[in-house]
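J.: sharing a model that was predicted from the sequence below.
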Amino acid sequence: MAADSPGLPRAGSAEHVGPLTQFVADRADGLGGLTVAAVARRIGVAPATLRTWDRRYGLGPSEHRAGAHRRYAPADIARLTVMRRLVLEGVPPGEAARIALDAPPAGPPRGGGGRRAVALPDAEPVARGLARAALAHDSAECSRIVSGALRRGGVVETWDSVVTPVLTAIGRRWESTGAGVDVEHLLSEAVLGALRAYSARQPVAASPRPVLLACAEDEQHALAVHALAAALAERQVAARLLGARVPREALAEAVRRVGPAALFVWSSLDVTGRPEQLAALPVLRPPVPLVVGGPGWQVDRLPPAAHLVTTLAEAVDTLVATAGG
Ligand code: B12
């Protein structure tokens with residue numbers, strides 16, 4: 001039976017067996033490369049779609065042997081993974097195909113896939129060390145590097161010259177290859193742990209009106225607010241951190257309960273930076289100063305009361321001044 005035949009599940013198909021058995025079955029004839037059906041299963045599109053992308057955009061299998069079905073090599077699969085992601089994000093297929101064909105080859109898939117290096121031409125050696133440790137999945141080394149940098153240089157310096165360059169480079173790598181979400185998670189966890197431990201060591205007195213820090217609705221990127229919390233702790237400003245994905249009702253409730261000296265809300269993504277969510281905030285007496293940061297905010301639609309900050313240092317200075325620290 002041809003491996004790309006549609007129809008009922010057969011022994012050895014994804015419907016019958018686990019992923020490892022399927023992987024072996026996909027390669028069972030020893031030809032190397034994957035069939036159209038195997039690639040379709042792996043990246044989650046219909047085989048017919050793959051054939052269309054091959055015909056229309058040249059995103060087909062590069063391995064071809066006489067008398068055998070054509071086989072997709074790892075580089076073909078990497079391009080198709082980029083194509084699928086972009087199409088799901090709403091990029092028109094022709095444009096998505098052009099980007100996918102231009103994407104640098106991701107190399108053979110290894111534990112999460114992708115090249116094991118990121119470009120950091122102007123970064124400090126410590127940032128390059130952090131990138132290497134993250135790409136090697138060495139969490140302990142990531143924590144050690146970030147904690148050491150925090151001890152030596154403090155939060156703003158560590159965030160701007162060690163952590164941010166690596167996050168940006170890893171984000172770019174994901175953008176061009178689709179690889180490395182595992183690395184993003186691993187590095188994020190290590191950075192969060194180091195920032196929390198550093199904050200816990202700062203002698204901050206309790207305050208009846210702490211600063212309240214939160215991510216916007218559905219916003220999963222929480223690192224910047226953790227960095228801000230640590231930087232405020234360093235300046236002996238009490239803060240309460242709500243973390244990722246805070247629904248507008250929950251934020252409103254927290255503002256009512258805490259009565260904060262100021263509120264900071266972070267958004268990384270366009271889809272989480274809708275200003276409407278800020279309209280749901282309660283109006284207290286005295287009013288709670290509202291500070292927003294992150295590249296996701298739709299800046300021209302922010303409420304007049306919202307003060308936009310663009311760097312960690314600016315956020316810290318603004319909140320320290322507002323909270324009277
Ligand atoms: C770590 C990370 C993750 C982690 C987050 C873990 C966590 N606990 O926070 C995980 C794996 C969960 C994740 C998931 C996703 N991510 Co992500 N992620 C990142 C990464 C690498 C770092 C995020 C971060 O903390 N950025 C903070 C700083 C370092 O970056 P920045 O905001 O661009 O910084 C600028 C300014 O804001 C300012 N600045 C820097 N720090 C600070 C601090 C303060 C307080 C202020 C005011 C300003 C400021 O200076 C910078 C220069 O202008 C970025 C790459 C990047 N460039 O940010 C991608 C990135 C944000 N993710 C992206 C995407 C698409 C996603 C996903 C949708 C898909 C995916 N990759 O899996 C999901 C869904 C998330 C969701 N629903 O919220 C895209 C967003 C593209 C876009 N604009 O729409 C990025 C940019 C990657 C990329 N290059 O394409 N991600």
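T.: Here it is on my side, so go on.
J.: now Leu308: closest residue in space that isn't a chain neighbour?
T.: Using CB to CB, 6 or more residues apart in numbering and skipping residues adjacent in sequence, the residue nearest Leu308 is Val292, 5.5 Å away. Where C-beta positions appear, they are placed from N, C-alpha and C, glycine not excepted.
J.: need the pLDDT of the one you found.
T.: Val292 carries a pLDDT score of 98 in this model.
J.: for the host helix or strand of it, which strands pair with it and how are they oriented?
T.: Element membership of Val292 [criterion: DSSP states H and E] is strand 290-293. Neighbouring strands of strand 290-293 in its sheet, by DSSP bridges, are strand 262-266 (parallel), strand 306-309 (parallel).
J.: which of those strands sits most buried?
T.: Most buried of those, by mean neighbour count (mean count of other CB atoms under 10 Å): strand 262-266, with a mean of 26.
J.: ok, and what's touching it?
T.: Strand 262-266 has contacts (CB atoms under 8 Å, 6 or more residues apart in numbering) with 211-216, 219, 221-222, 224-225, 228, 251, 255, 278, 281, 288-294, 315, 319, 322-323.
J.: show me what from the stretch 51-200 of the chain comes close to the ligand.
T.: For the stretch 51-200 of the chain, the contact set with the ligand under CB under 6 Å from any ligand atom comprises Thr164, Leu167, Thr168, Ile170, Gly171, Arg172, Trp174, Glu175, Val181, Glu184, His185, Ser188.
J.: ok, back up a step: so which of the contacts of strand 262-266 sit within helices?
T.: Ala224, Val225, Leu228, Leu251, Val255, Leu278, Ala315, Leu319, Thr322, Ala323 (DSSP state H).
J.: centroid-nearest residue for this structure?
T.: Per CA atoms, centre = their mean, the C-alpha nearest to the average position across the chain is that of Glu184, at 5.9 Å.
J.: who's the closest spatial neighbour of that residue, skipping the chain neighbours?
T.: Using CB to CB, 6+ apart and skipping the chain neighbours, the partner closest in space to Glu184 is Ile170 (5.8 Å).
J.: same question, Gly273
T.: Among residues not flanking Gly273 along the chain, Gly296 sits closest, at 3.3 Å (CB to CB, 6+ apart).
J.: can I assume that neighbour sits in a helix?
T.: No. Going by DSSP: H, G, I helix; E, B strand; the rest coil, the assignment for Gly296 is coil, not a helix.
J.: distance of it from the ligand?
T.: Distance check for Gly296 against the ligand: by CB to the nearest ligand atom, to the nearest Å, it reads 7 Å.
J.: could you list every residue that touches that residue?
T.: Ala216, Glu219, Ser267, Ser268, Leu269, Asp270, Val271, Thr272, Gly273.
J.: hmm, 7 Å instead?
T.: Counting by CB atoms under 7 Å, 6 or more residues apart in numbering, Gly296 touches Ala216, Ser267, Ser268, Leu269, Asp270, Thr272, Gly273.
J.: can you point out the helix or strand that includes Ala190?
T.: Secondary structure (DSSP H and E) places Ala190 in helix 181-200.
J.: and that helix, what's buried?
T.: 183-184, 186-188, 190-195, 198-199 (16 or more other CB atoms under 10 Å).
J.: and the spatially closest residue to Leu242 that is not a sequence neighbour, how many neighbours does it have?
T.: Distance criterion CB to CB, 6+ apart; nearest residue to Leu242, sequence neighbours excluded, is Ala214 at 4.1 Å. Using other CB atoms under 10 Å, Ala214 has 23 neighbouring residues.
J.: just the one 5 residues further on next, same as before
T.: Taking other CB under 10 Å as the neighbour definition, Glu219 ends up with a count of 24.
J.: please name the nearest non-neighbouring residue to it.
T.: Thr272 is the one closest to Glu219 (CB to CB, 6+ apart), at 4.0 Å.
J.: could I get the strands paired with strand 290-293 as a markdown table with distance to Val246?
T.: Listed next are these as a markdown table, based on distance: least, CB to CB, whole Å:
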| stretch | distance to Val246 |
| --- | --- |
| strand 262-266 | 8 |
| strand 306-309 | 16 |
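J.: for the ligand, find the nearest of the ones you listed.
T.: strand 306-309 (4.6 Å; CB to the nearest ligand atom).
J.: contacts for the closest one?
T.: Outside strand 306-309, the residues that touch it by CB under 7 Å, 6+ apart are Leu278, Pro289, Leu290, Val291, Val292, Gly293, Trp297, Val299, Leu302, Ala315, Thr318.
J.: just give me the closest of the residues you listed to the ligand.
T.: Among those, Gly293 lies closest to the ligand (CB to the nearest ligand atom), at 2.7 Å.
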